[in-house]
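Q: Pasting the sequence and the predicted model now:
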Amino acid sequence: MANELILIVEDNAKNLKLARDVLRFHGYRTVEAVDGESAIAISVEQLPDLILMDIQLPGIDGIVAMKRIR
C-alpha cells in the first residue's frame, strides 16, 4: 500500500513538515505545495494518488483549488 504519491498542500511550515515526515516514515512519497495555485499545477503535472489540502491558503483557498483540480 505504501509508495503512493501524496500531495500535501499546507502554508504552515511546521504542519507541512510534520505531515511529510509521518507519511514518508510510513513509506509514502510526497510532494508539497504552499498555496492553491501551486497545488493545481503540481496535481496536473504529478497526478498524486491523494491530496491533503488545507482550506485556508494564501491566494485561492483549498476549496476553490479542489474544485479546479476535479
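A: Everything's here; your move.
Q: where does the chain have low pLDDT?
A: Where the chain drops to pLDDT under 70, the residues are 1.
Q: In it, what residue spans correspond to helices?
A: Counting by DSSP state H, residue ranges of the helices within the chain are 13-25, 36-46, 62-69.
Q: Switch those over to CSV; also include mean neighbour count and distance to L7.
A: The C-beta positions use only the backbone N, C-alpha and C, and glycine is treated the same way. Below are the helices of the chain laid out as CSV (neighbours: other C-beta atoms under 10 Å; distance: least, C-beta to C-beta, whole Å):
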stretch, mean neighbour count, distance to L7
helix 13-25, 13, 11
helix 36-46, 17, 6
helix 62-69, 16, 9
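Q: mind putting those helices in JSON lines, distance to I6 included?
A: JSON lines is the format used below for the helices of the chain (distance: least, C-beta to C-beta, whole Å):
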{"stretch": "helix 13-25", "distance to I6": "6"}
{"stretch": "helix 36-46", "distance to I6": "10"}
{"stretch": "helix 62-69", "distance to I6": "14"}
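Q: Relative to A2, which of those helices is closest?
A: helix 13-25 (9.1 Å; C-beta to C-beta).
Q: Which strands and helices lie in contact with the closest one?
A: If you count contacts as 3 or more C-beta pairs under 8 Å, 6 or more residues apart in numbering; DSSP states H and E, helix 13-25 packs onto strand 5-9, strand 29-33.
Q: any idea how far it is from the chain center?
A: Centre-to-centre, helix 13-25 and its host chain are 11 Å apart (C-alpha atoms, centre = their mean, to the nearest Å).
Q: And stretch 2-9, by the same measure?
A: For stretch 2-9, the distance to the chain centre is 8 Å (C-alpha atoms, centre = their mean).
Q: what do you get for stretch 32-51?
A: Between the centre of stretch 32-51 and the centre of its host chain there is 6 Å, according to C-alpha atoms, centre = their mean.
Q: So for stretch 24-34, what gets flagged as buried?
A: Of all the residues in stretch 24-34, those buried under the rule 16 or more other C-beta atoms under 10 Å are 28, 30-34.
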